[in-house]
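Q: Quick one: sequence and predicted model below, then my questions.
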Amino acid sequence: MLTQLEAAKNGEITSVVENAAEYEGLAPELLRDEIAAGRLVVPANVMHLSWNLTPRAIGRKVSTKVNANIGMSDVRSGIDAEKAKMAVAVEAGADAVMDLSTGGDLDYVRSELISACPLPFGTVPIYEAITGRSVEDITPELVLEIAEKQAKQGVDFFTIHAGLLREHLPLLKSRVCGIVSRGGALTAKWMLHHNRQNLMYELFDELCDIMHEYDVCFSLGDGLRPGCGADATDDAQIAELRTLGELTQRAWEKGCQVMVEGPGHVPFNQIEENMRLQQEICNNAPFYVLGPLVTDIAPGYDHITSAIGGTAAAYYGASFLCYVTPREHLGLPDNEDVRQGVVASKIAAHSADVARGHNDSAQRDRRLSKARADLDWDTQIRLSLDPKTAKRMKDDASKNSAMSPEQADYCTMCGRDWCSVRINREIRDNL
């Protein structure tokens with residue numbers, strides 16, 4: 001069986017590509033050519049495709065996509081709660097979901113979530129490897145066994161922390177936050193204990209073979225991503241990125257689709273350079289960034305700090321934004337945190353698409369603006385990114401005022417006589 005990358009290189013347009021192109025409103029030939037060049041991926045495990053997957057394309061020629069992380073910890077949540085979070089994420093407009101569970105029956109959790117997930121679904125296989133055992137006890141055989149099992153379950157993309165090498169560890173000495181990636185920290189601990197190279201790096205060809213069989217997409221993890229602004233764009237981050245560039249080429253040669261994960265905390269003035277470096281080093285493979293968060297002082301509001309950085313990242317080169325919830329750095333998110341995180345990242349993604357002139361993104365804004373100018377509340381709310389919240393706020397404001405929702409030619413901000421929109425419509429109608 002040919003993977004999506006191999007089929008595209010052969011000039012074939014698969015049904016997966018056709019479906020993804022239809023969603024984007026673009027020609028399937030465009031997506032095929034971008035996949036062949038490695039600039040675009042469509043994570044679509046053959047097993048998940050046979051159930052309920054609606055493919056999504058990730059790359060610079062399509063709309064910027066948003067991922068939502070869910071998953072149980074060993075101290076909180078359960079399968080019903082995580083299924084509810086996934087439903088919230090899908091309803092709010094997420095384009096992909098990752099299960100980062102580190103507690104509970106992981107096989108059961110994963111199978112339950114995948115069977116209910118219509119979107120590309122990702123995991124971090126090393127999380128299962130560490131569950132119930134010491135990190136020192138992880139073996140190459142165990143890693144390959146888990147990767148194959150999860151591929152058979154239908155996982156569409158794997159985060160694989162293969163770029164963090166032994167020789168990178170001394171570069172961490174000057175960092176404020178050191179290693180903040182769970183996968184990166186586990187990998188570093190394993191290397192130090194065994195005095196060996198990263199086993200993911202050593203097993204990379206074997207992992208490629210497994211992922212090729214099921215057409216699982218690589219999401220090459222950034223185990224040395226900066227965990228604060230002070231650590232951004234340092235020698236450790238860039239050294240790992242260069243290894244990820246090497247691994248990107250190796251995966252392509254094996255017929256595997258690849259996207260590359262990028263930094264989490266980056267001051268605004270460094271975002272453009274980070275995007276440029278990734279495109280140069282990784283030969284324009286799609287870039288998947290966590291935020292990035294542009295300041296470290298906003299616990300409780302990090303969905304906002306990440307949306308600021310996400311807009312810039314997607315404008316300058318990123319294709320995939322991993323959401324950050326308000327509870328980032330504070331605890332496991334709940335349903336409302338998930339919703340707010342997805343909405344904030346969707347705002348960032350759409351804002352970048354408007355700025356880079358992608359497809360009809362600006363026309364969506366124009367249609368909503370026209371409805372606003374016409375005081376067409378129903379259309380304005382329907383076209384909004386979060387219609388439920390917009391309607392609730394409009395109705396609540398009306399209920400607590402002297403007007404009723406039926407009085408539609410003004411709102412409670414200015415009242416009728418001071419409403420510039422209503423006055424402007426009168427002026428326009430008399431010109």
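A: Sure thing, it's come through.

Q: now for the helix or strand of the chain with the lowest mean pLDDT, which elements pack on it?
A: Every helix and strand in the chain was compared by mean pLDDT, DSSP states H and E; the lowest is helix 420-429, with a mean of 80. On a contact count with 3 or more Cβ pairs under 8 Å, 6 or more residues apart in numbering; DSSP states H and E, helix 420-429 meets helix 361-373. To be clear about C-beta, it is placed using only N, CA and C from the backbone, and glycine gets the same treatment.

Q: what's in contact with the helix it packs on?
A: Outside helix 361-373, the residues that touch it by Cβ atoms under 8 Å, 6 or more residues apart in numbering are 63, 350, 353-354, 377, 379-380, 383-384, 421, 424-425.

Q: if we can go back for a sec, what are the buried residues along the least confident helix or strand of the chain?
A: residue 422 (16 or more other Cβ atoms under 10 Å).

Q: what angle do it and helix 361-373 make?
A: 90 degrees (axes from the mean of the first three to the mean of the last three Cα atoms, to 10 degrees).

Q: ok so, going back, kindly write the PyMOL command that selects the buried subset of the contacts of helix 361-373.
A: Typed into PyMOL, the line below selects the buried ones among the contacts of helix 361-373, using 16+ other Cβ under 10 Å:
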select buried, resi 63+350+353+354+377+380+383
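
Q: Please produce CSV containing the contacts of helix 361-373, extended by secondary structure and distance to residue 57.
A: Output for the contacts of helix 361-373, formatted as CSV (DSSP: H, G, I helix; E, B strand; the rest coil; distance: Cβ to Cβ, whole Å):
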residue, secondary structure, distance to residue 57
63, coil, 9
350, helix, 16
353, helix, 14
354, helix, 19
377, helix, 34
379, helix, 29
380, helix, 29
383, helix, 23
384, coil, 24
421, helix, 38
424, helix, 40
425, helix, 40
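
Q: and residue 387, how many neighbours?
A: As a burial measure, residue 387 scores 13 neighbours (other Cβ atoms under 10 Å).

Q: list the contacts for residue 177?
A: Residue 177 makes contact with 226-228, 230-231 under the criterion Cβ under 8 Å, 6+ apart.

Q: mind giving me the domain split of the protein?
A: 65-355, 361-429 (automatic domain parsing).

Q: These: lowest mean pLDDT?
A: Lowest mean pLDDT within those: domain 361-429, at a mean of 83.

Q: Straight-line length of it, end to end?
A: 29 Å (Cα to Cα, to the nearest Å).

Q: Just give me how far that domain sits from the chain centre.
A: Taking Cα atoms, centre = their mean, to the nearest Å, one finds domain 361-429 lying 32 Å from the centre of the chain it belongs to.

Q: Over to stretch 217-232?
A: Taking Cα atoms, centre = their mean, one finds stretch 217-232 lying 14 Å from the centre of the chain it belongs to.

Q: circling back: out of the contacts of residue 177, list just those in helices.
A: Judged by DSSP state H, the contacts of residue 177 include no members of helices.

Q: Need these in CSV (columns: distance to residue 287 and neighbour count).
A: Formatted as CSV, these follow (distance: Cβ to Cβ, whole Å; neighbours: other Cβ atoms under 10 Å):
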residue, distance to residue 287, neighbour count
226, 15, 26
227, 19, 22
228, 20, 17
230, 22, 14
231, 19, 24
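
Q: returning to what we had before: columns distance to residue 248 on top of the contacts of helix 361-373, output as TSV?
A: Converted to TSV, these look like this (distance: Cβ to Cβ, whole Å):
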residue	distance to residue 248
63	23
350	28
353	25
354	29
377	48
379	44
380	43
383	38
384	38
421	51
424	53
425	54
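
Q: Could you export the domains of the chain to a markdown table, including columns for distance to residue 13?
A: Below are the domains of the chain laid out as a markdown table (distance: least, Cβ to Cβ, whole Å):
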| stretch | distance to residue 13 |
| --- | --- |
| domain 65-355 | 16 |
| domain 361-429 | 25 |
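
Q: Mind putting the contacts of residue 177 into CSV with distance to residue 184?
A: Formatted as CSV, these follow (distance: Cβ to Cβ, whole Å):
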residue, distance to residue 184
226, 11
227, 10
228, 15
230, 18
231, 13
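
Q: Tell me where the stretch 151-300 of the chain has helices.
A: With DSSP state H, counting those that start in this stretch applied, the stretch 151-300 of the chain shows helices at 182-194, 199-202, 204-214, 235-253, 268-281, listed in chain order.

Q: Give me the packing partners of the last one, helices and strands only.
A: So the one you mean is helix 268-281. Applying 3+ Cβ pairs under 8 Å, 6+ apart, we find helix 268-281 packed against helix 235-253, strand 258-262, strand 287-290, helix 302-316.

Q: buried stuff in it?
A: Buried residues in helix 268-281 (16+ other Cβ under 10 Å): 270-271, 274-275, 277-279, 281.

Q: Closest one of those residues to residue 33?
A: Using Cβ to Cβ, residue 279 comes nearest to residue 33 of the buried residues of helix 268-281, at 17.7 Å.

Q: Can you name the residues that contact the closest one?
A: Residue 279 touches 287, 317, counting by Cβ under 8 Å, 6+ apart.

Q: and residue 283, how many neighbours does it have?
A: Under the neighbour criterion other Cβ under 10 Å, residue 283 is assigned a count of 16.

Q: Angles on the backbone of it, please.
A: Per-residue torsions, residue 283: phi 50, psi 40 (degrees, to the nearest 10).

Q: Reformat the buried residues of helix 268-281 into a markdown table and put distance to residue 336 next to each item.
A: Output for these, formatted as a markdown table (distance: Cβ to Cβ, whole Å):
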| residue | distance to residue 336 |
| --- | --- |
| 270 | 31 |
| 271 | 28 |
| 274 | 31 |
| 275 | 31 |
| 277 | 36 |
| 278 | 33 |
| 279 | 36 |
| 281 | 38 |
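
Q: Three-state assignment for the residue found closest to residue 74 once you drop the neighbours it is linked to in the chain, please.
A: Distances taken as Cβ to Cβ, 6 or more residues apart in numbering place residue 103 nearest to residue 74, at 3.3 Å, with adjacent residues excluded. Assigned by DSSP: H, G, I helix; E, B strand; the rest coil, the conformation of residue 103 is coil.

Q: Was I right to think residue 103 contacts residue 75?
A: Yes: contact criterion Cβ atoms under 8 Å: residue 103 and residue 75 qualify, at 7.0 Å.

Q: Fine, thanks again, bye for now.
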